[in-house]
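K.L.:
Next one to model:
(3 chains)
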Amino acid sequence: MTDPPTLRSNDDQNDRDQHKYDSSQHKSLEQQWIREQESLKTKLILEDDFHWSITASTEMTESFPLRFIGGVDVSFSKIDPSMVCAALVVLDLHQNLEVVYEDYNSAHLQIPYIPGFLAFREAPLIITLLQNMKNCSHPFYPQLLMVDGNGLIHPRGFGLACHLGVLTEIPTIGIGKNLHHVGGLTRVGVKHLLEDKTNDQKNLVILTGDTGKTLGVAMRSNPCSSKSIFVSIGHRISLDSCVKIVQVCCRFHIPEPIRQADIKSRRWFRINEGSSV
DNA sequence: GCGACAG
DNA sequence: ATCTTGTCGC
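P.N.:
Numbering: from 1, shown residues only, chains lettered A, B, ... in the order given. Prediction:
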């Protein structure tokens, strides 16, 4: 006989090893995905491109105001990690950010999570949810989508938020709860930048990659929390507008649309995995 | 070569 | 992402 099979315990197979394993096993798939990202990226729009206005007050002058903001998030089962549930919520900015719409899409996913390719795992579920809304001409169809994942802060400048934006045509904002190390940015580096700030815009720092291009901002959305979030353009919106809208949507550390989608997609498992699934 | 790596 | 209780503070 040959060597015994190399069975490694869960303990010594840490996150970094897992990433390496995934990368080597799916190399050709990644090449295909990269081509798709590069292709979709040609349609990306990095400036305000919408017909509504962000004015918080009741303006009657021009167009109509931003009112329905969508939030999306995907959770998965702790029992079966391949079982996931995507949640789409819509909040009404004119009704104190009340949730006026929610829908769910659960599935058994075989696509692995590989850093830089989150969209290929999560986007299809979310797009289905949006299409269902559009097909029935729902009056609360979101004018803007906040995404639980990055936009421009991405190895190829095309994260989940960009991906969803281009495929749905909806203006999108990317919200990262953790920094994706891109363009020379590091967690500690950004943390120092934020701490070294003394006066103006104390809770916000613009993130510039080593190419000199603006990738997004790190901001402390909640004065009580030292944790920051990472905001970047998804599609059809400028970074300035992203920041303005995020600030309007922040009751707590995480912008309300994302937070609600997160809470509700988790609650979906609490309610549904006990009986069927 | 090793380490880093959104959710 | 998920594994996880109490706990410190407003």
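K.L.:
Tell me the helices and strands packed up against whichever strand or helix holds A:K191.
P.N.:
Assignment of secondary structure by DSSP states H and E places A:K191 within helix A:187-196. Using 3 or more CB pairs under 8 Å, 6 or more residues apart in numbering; DSSP states H and E as the contact test, the elements touching helix A:187-196 are strand A:204-208, strand A:214-219. (C-beta placed from N, C-alpha, C; glycine too.)
K.L.:
please redo it, this time with the cut-off set to 7 Å
P.N.:
strand A:204-208 (3 or more CB pairs under 7 Å, 6 or more residues apart in numbering; DSSP states H and E).
K.L.:
Is there proximity between the strand it packs on and DNA strand B?
P.N.:
No. Legend: contact between strand A:204-208 and DNA strand B by CB under 7 Å from any atom of the strand is lacking; minimum distance shown is 13.0 Å.
K.L.:
Just the angle for that strand relative to helix A:187-196, thanks.
P.N.:
Taking axes from the mean of the first three to the mean of the last three CA atoms, to 10 degrees, one finds strand A:204-208 and helix A:187-196 inclined to each other by 140 degrees.
K.L.:
what does strand A:204-208 contact?
P.N.:
A:185, A:190, A:193-194, A:197, A:214-219 (CB atoms under 7 Å, 6 or more residues apart in numbering).
K.L.:
6 Å instead, please
P.N.:
A:185, A:193-194, A:214-219 (CB atoms under 6 Å, 6 or more residues apart in numbering).
K.L.:
Most neighbours of all these, which one?
P.N.:
Most neighbours among the contacts of strand A:204-208, by other CB atoms under 10 Å: A:G216, with 30 neighbours.
K.L.:
Check it and give its pLDDT.
P.N.:
A:G216 is assigned 97 on the pLDDT scale.
K.L.:
got the contact list for it?
P.N.:
By CB under 6 Å, 6+ apart, A:G216 lies in contact with A:152-153, A:207, A:230-232.
K.L.:
still on that earlier bit, tell me which two of the contacts of strand A:204-208 sit farthest apart.
P.N.:
A:L194 and A:T214 (16.1 Å; CB to CB).
K.L.:
Quick check: residues of the stretch 1-150 of chain A near DNA strand C?
P.N.:
By CB under 7 Å from any atom of the strand, the residues of the stretch 1-150 of chain A that approach DNA strand C are A:15, A:75-76, A:78, A:81.
K.L.:
What subset of those residues is buried?
P.N.:
A:75-76 (16 or more other CB atoms under 10 Å).
K.L.:
Now, the residues of the stretch 1-150 of chain A next to DNA strand C that are in strands?
P.N.:
By the criterion of DSSP state E, membership of these in strands covers A:75-76.
K.L.:
can you tell me which two in the residues of the stretch 1-150 of chain A next to DNA strand C are farthest apart?
P.N.:
Among those, A:D15 and A:S75 lie farthest apart (CB to CB), at 19.0 Å.
K.L.:
Not including adjacent chain positions, what is the nearest residue to the residue in chain A positioned nearest to DNA strand C?
P.N.:
Nearest residue of chain A to DNA strand C, counting by CB to the nearest atom of the strand: A:K78, 3.2 Å away. The shortest distance from A:K78 to any non-neighbouring residue, by CB to CB, 6 or more residues apart in numbering, is to A:F269 (8.0 Å).
K.L.:
go on, A:A261?
P.N.:
Nearest residue to A:A261 in three dimensions, chain neighbours excluded: A:D73, at 3.7 Å (CB to CB, 6+ apart).
K.L.:
show me the contacts for that neighbour.
P.N.:
A:D73 neighbours (CB under 6 Å, 6+ apart): A:87, A:148, A:261-262, A:265.
K.L.:
which of the residues of the stretch 1-150 of chain A next to DNA strand C lies closest to A:D240?
P.N.:
The closest of those to A:D240 turns out to be A:S75 (CB to CB; 31.3 Å).
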